[in-house]
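**Q** predicted model, plus sequence, below.
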Amino acid sequence: MARMRSIKPEYWADEDLAIMPRDARLLYIGLWNLADEHGRLRGDPRYVKGQLFPYDDDLPPAAVDTLLNTLAAAGKVVRYRNGGGRYLF
C-alpha cells in the first residue's frame, strides 16, 4: 500500500541525482511511496510503471526498467530476486 512520504529540500541539490534524467529523479521519489517500512517494494517494471506512471503512454515498462538500472548503478536502489519475484530495496 502506498505511503505518505516527505521530500526534504536537500533532495533537489543532490549532485548524484542531478546528473540523472528527470524521469529517473521522479521515479526515485515515487518509489518511496511504494516502499514498505523497511524500504522494500515489488521491482517488476510493469508494476512500477502501472503504479507511478499509469497515464504516461510514452513511458513503457522497458523504459522504467532502464531508469531502475540507472538508479541501481548510482547506488540509489538495489535490485534483487527472491522466489522468482523481482524486488527493490
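**A** Okay, I see it.
**Q** show me what the residue nearest to Asn69 when sequence neighbours are not counted bridges to in the sheet.
**A** The shortest distance from Asn69 to any non-neighbouring residue, by CB to CB, 6 or more residues apart in numbering, is to Arg79 (7.8 Å). Placement of C-beta: from N, CA and C, glycine included. For Arg79, the beta-bridge partners are Leu88 (DSSP bridges).
**Q** Arg79 contacts Leu68, correct?
**A** Yes - Arg79 is in contact with Leu68 according to CB atoms under 8 Å; the separation is 6.5 Å.
**Q** now the helices for the chain?
**A** Assigned by DSSP state H, the chain shows helices spanning 15-18, 22-34, 45-52, 61-73.
**Q** just put these in TSV and tack on mean pLDDT and mean neighbour count.
**A** Output for the helices of the chain, formatted as TSV (pLDDT from 0 to 100; neighbours: other CB atoms under 10 Å):
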stretch	mean pLDDT	mean neighbour count
helix 15-18	90	10
helix 22-34	95	17
helix 45-52	98	17
helix 61-73	97	17
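**Q** a markdown table for those helices, including distance to Leu88?
**A** Shown next, in a markdown table, are the helices of the chain (distance: least, CB to CB, whole Å):
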| stretch | distance to Leu88 |
| --- | --- |
| helix 15-18 | 16 |
| helix 22-34 | 7 |
| helix 45-52 | 8 |
| helix 61-73 | 7 |
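**Q** closest to Ile7 out of those?
**A** Judged by CB to CB, the one of those that comes nearest to Ile7 is helix 22-34, at 6.2 Å.
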